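Asks: Got a predicted structure here, sequence first:
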Amino acid sequence: MPVEDSERAAAWAQIRQFGDPVLKEKSHQAQVDEDLRALVDRMIRIMDGAEGVGLAAPQIGVLRRVIVFRLDKELNVLVNPEITWRSEETVRDDEGCLSLASLATQVERAEKVRVEGEDLDGKHRVYELKGLKARILQHEIDHLEGMMIIDRASREGRKDLLARLSRTKQPGE
C-alpha cells in the first residue's frame, strides 16, 4: 500500500538523524506495559510511513530496548533483544539506515544469528536467521547499543558516506 506524501513527511520528521546525540546512547531495559505498547504502535506507524523494514526506539528519541521490523512482510516486535549467537562466517553488503537519510554503505555482518527477547505478550521469542533477515536484526540491535552503520563502515566507506550525507537533502524536506 503506497504511503501518502503527508504520511511520509510526518514519519521522517520524527526520525532522529545522524549527529543527534541520542543515537550514540545505550538503551535501557524495557518493561512490557501500556506505555510500551503505545510506543510500539507509534514506531510501527513511523517505520511504515518512512517505508523502512526496521526501526529501533532510539531512532525516535526513546532510549528503550525495543525494535519493530518486518520479515517476509510480517510485522515483528522484540523487547529487550539480545544476539545470543553469531556465525563466524560474515558477509559484506550494502546497508541503509533511516537515521542516515536512507543512504547506504558496505557493512560486514555475521551471516547467521540467533536473537532472543520477548514479544508484547511477555512471551520469550527466539529468531534464528540468516542473510538479509539476520542483517536487519543486527542493524536494529546496534541502534540499541548506540551504534550506527557509519560506525561499522570502513574508513573509506565512512568518508564517502559523510560526503554523500553533506550533499543530501534530509528526508521529508
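Replies: Good, I have the coordinates.

Asks: Grab the longest helix from this structure for me.
Replies: helix 34-49 (DSSP state H).

Asks: Remind me what the helix or strand following it packs against, helices and strands.
Replies: Sequence-wise, the next helix or strand downstream of helix 34-49 (DSSP states H and E) is strand 54-56. In terms of contacts (3 or more CB pairs under 8 Å, 6 or more residues apart in numbering; DSSP states H and E), strand 54-56 is packed against helix 34-49, strand 66-71, helix 131-144. Yep, even glycine has a C-beta here, placed from its N, CA and C like the rest.

Asks: Pick the most deeply packed of those.
Replies: Burial of the helices and strands packed on strand 54-56 is given as mean neighbour count (mean count of other CB atoms under 10 Å); strand 66-71 ranks first at a mean of 23.

Asks: Now do the strands in the chain.
Replies: For the chain, the strands defined by DSSP state E cover 54-56, 66-71, 74-86, 90-96, 104-110, 112-118, 124-130.

Asks: Give the buried residues for the fourth one.
Replies: For strand 90-96, a neighbour-count test (16 or more other CB atoms under 10 Å) marks 91, 95-96 as buried.

Asks: which residues sit against it?
Replies: The contact list for strand 90-96, computed with CB atoms under 8 Å, 6 or more residues apart in numbering, reads 102-111, 131, 135, 139, 149.

Asks: What is the nearest of those to residue 58?
Replies: residue 139 (12.4 Å; CB to CB).

Asks: The closest one reaches residue 99, doesn't it?
Replies: No - assessed by CB atoms under 8 Å, residue 139 is found out of contact with residue 99, at 10.5 Å.

Asks: Chain neighbours aside, what residue packs nearest to the residue nearest to the spatial centre of the chain?
Replies: In the chain, the residue lying closest to the centroid (CA atoms, centre = their mean) is residue 140, at 3.3 Å. The shortest distance from residue 140 to any non-neighbouring residue, by CB to CB, 6 or more residues apart in numbering, is to residue 67 (4.1 Å).

Asks: Next: residue 37.
Replies: The nearest residue in space to residue 37 (CB to CB, 6+ apart) is residue 120, at 6.1 Å.

Asks: Many thanks, have a good one.
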